[in-house]
Every structure is written in C-alpha cells, then in structure tokens.
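Participant: need a 3D model of the sequence below.
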Amino acid sequence: EAEVYLNKAYDNLHALPKTQTYKALIAAYEGAFVGYKIGISPYKAPFIGLKSVQYVKEAVQADDANYFAHIQYANVFYYMPTVFGGSRSEAVKHYLKAKQLMLTQGVHQNNWLYMNLLLTLADAYKKDQDWKKVKACYDEALQLQPNYPYITEKLYPTLQKNLEK
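Facilitator: Residues are numbered from 1 along each chain as shown. I've put the predicted structure just below:
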C-alpha cells in the first residue's frame, strides 16, 4: 500500500515545473522518496542509497535557505548506517540549520514538521546521552504544544529517570 502512495507522490512531484524556484524542493523530495523506497524494501539500500545522498546534496546546494532541504539532508545521514557514510554529527548540524531557518522564516508555529524536527533532534541527543539537550528539545516542543501527550506521558517521564541518574 505504501508503494501505491509513493508512486502517487512521485507523479505529483514530477508534475512540478522544472524551474529554479522548485529545484531544491524537488531534489529534497527525490532524496526523501529514495529513503522511503529503502524503508519499504531495505535490500535496495546498497543499490539506490547513494542516489538519496546525491539528491539531498543537490537540494542544499540549490537553496541553502530551504529548511526542508536541510531536514532531508540530515535524515539521509541520520538514518544511513555509519558503514555506508551515515553520520549523526553531520545530521545534527543540518537539523540545527533547518531549525534556525524555520525560526528565522517564522514557519515553526503550528507546524508538524517543526515538532518532528525537535523530536528527531532529541532522539539524536539521546544517543549521545546528552540529557540536557534532550530536555531542551522537549521543553521547546511543549512551549508550542503544551498538552502533547506523546511528550508529557511517554518521553518526559523516561527523560526524568535519565536526568536523575
């Protein structure tokens, strides 16, 4: 079923005009879609994974102020195994750049992508056991959505245990 929707998404993406205006966005989505293909069929990763890297690098080069391009760039390097070139530190750098761009451009409020970005950053910080940065991400998310049950009921209690250690 996911493949059906991915194919529809490709059709919509390819309907966009191939102008400079959309160059970064198209490349960012192409990179994301390759990632989805890998998610659907992980055995394809060694064969198509580098395409994702090429697309997201192209997206960031085409428009360094495109927060979505930076998020996709970060996602590629965050979810890619280190043996194939994945890098959590490289990913965090681009997540932070995307965050700064979203704040500067004023598109962070009432934006699920921004909330997801904060939680993904928190996840990266968890892997480094940097609990203060994890807390900062959760606190920022709760400022935007104070009654977000996933954070208040699931994530924050686990964080509290780690902070007490």
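
Participant: got the buried residues for the longest helix seen in the chain?
Facilitator: If you go by DSSP state H, the chain has its longest helix at helix 20-40. By neighbour count with 16 or more other CB atoms under 10 Å, helix 20-40 contains the buried residues 23-38. For the C-beta atoms, the positions are set from N, CA and C on the backbone; glycine is no exception.

Participant: might you report the residue contacts of M80?
Facilitator: 49, 53, 86 (CB atoms under 8 Å, 6 or more residues apart in numbering).

Participant: where's the dip in pLDDT among those residues?
Facilitator: Minimum pLDDT across the contacts of M80 is recorded for G49, with 88.

Participant: burial measure for that one, as a count.
Facilitator: 20 (other CB atoms under 10 Å).

Participant: that one contacts P81, doesn't it?
Facilitator: No. Counting by CB atoms under 8 Å, G49 stays clear of P81, with 9.2 Å between them.

Participant: re earlier: give me the contacts around the longest helix of the chain.
Facilitator: Contacts with helix 20-40, where a contact means CB under 8 Å, 6+ apart, come from 2-3, 6, 9-10, 13, 16, 18, 44-45, 48-49, 51-56, 58-60, 62-63, 66, 68-69, 71-73, 75-76, 79.

Participant: any of those residues buried? List them.
Facilitator: Of those, these count as buried by 16+ other CB under 10 Å: 45, 49, 51-53, 55-56, 58-60, 62-63, 66, 68-69, 71-73, 75-76.

Participant: in helices, which of the residues you listed fall?
Facilitator: If you go by DSSP H, those have 45, 49, 51-53, 55-56, 58-60, 62, 68-69, 71-73, 75-76 in helices.

Participant: Q145 against N116, yeah?
Facilitator: No. Applying CB under 8 Å, one finds Q145 not in contact with N116, separated by 11.7 Å.
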